[in-house]
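Chemist: Next one to model:
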Amino acid sequence: MIEHLVFLLEEPSAADFLRGTQQHWLPLGVTAHFLVFEGKQDLEKQMVRRLQGWLRPNSRFLVLRDQDSGDCVQIKMRLADLCSQAGKPEAIVRIACRELEAFFVGDWQAVSEAFDKPALAAHDRKAKYRNPDSLGSPSRELSKAIPTYQKGDGARRIAPLLIPQRNRSTSFLALYRSLIQLAES
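Modeler: This is a model prediction of the structure:
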C-alpha cells in the first residue's frame, strides 16, 4: 500500500499546481512530498542523489518537467534513465508539453473562474486552443489574456478549478491518469 507520493519538480509553480489539484486524486492516508529544484538542469543534476536518499518505505515517485523546446521523447528517456540509475526504475516520468501552463490553457473555464474574468471562458472555442500542448508558449498566452499573470499565483488560483473531463491538454490528462493510478496502487 502506498503511503508516500514523492514529486520531483523543476520549479515551485509545479508544486503549487499539484497542491491545488491533490483533492481530485490524493486518497486519505497518502502523504504528498514535493522535492522542488531550481530549474530543469538542477533537477537532472540532483535527481539520482535525492531518489537514492529517500528512505521512507511504501513510497512512489513521479518526476514532472517542462518540455520547453526540447525533444519530449529524449527528455523522458533521459529522466527515466536517471530514475533507473537511482534504483527507482518504477518512477513515473511526465513531461508538460511545452510548459506547465498548457495544463491551464487546456481549461479556459478554470482560468476565467480563477481570475473572475468570465469572457476568458470563450477562449475554449478558439481553434488556437484546441491543442494547448502544441502552443509555443502557453504562459505567454496567459499573460496576453491576463497582463498581471504570475506563474506561482496562477498555479495556486487555477489548479483547484481544473476539471480533467474538460481539459484539452493531452499532457495534463496523462499526468492525471498517472496520479490516479499511483493513488490506487
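Chemist: So Lys40 versus Glu99, what's the distance?
Modeler: Per C-beta to C-beta, to the nearest Å, Lys40 is found 11 Å from Glu99. Every C-beta, even on glycine, is put in place using the N, C-alpha and C of the backbone.
Chemist: quick one, which of those two is more surrounded?
Modeler: Neighbours of Lys40 and Glu99, each counted by other C-beta atoms under 10 Å, are more numerous for Glu99; the result is 24 against 17.
Chemist: Identify the contacts common to Lys40 and Glu99.
Modeler: Counting by C-beta atoms under 8 Å, 6 or more residues apart in numbering, the residues touching both Lys40 and Glu99 are Asp66, Asp68.
Chemist: how about the helices in the chain?
Modeler: Taking DSSP state H as the criterion, the chain carries its helices at 12-25, 40-53, 72-85, 101-105, 108-114, 138-145, 151-158, 170-184.
Chemist: Now for Leu82, how many residues are close by?
Modeler: Leu82 has 21 neighbours, counted by other C-beta under 10 Å.
Chemist: My error: substitute Leu28 in the last question.
Modeler: 4.
Chemist: Phi and psi next, for it.
Modeler: When read as degrees, to the nearest 10, the backbone of Leu28 gives phi -60, psi 140.
Chemist: Which pLDDT value goes with it?
Modeler: If you check Leu28, the pLDDT there is 82.
Chemist: Many thanks, I have nothing further to ask.
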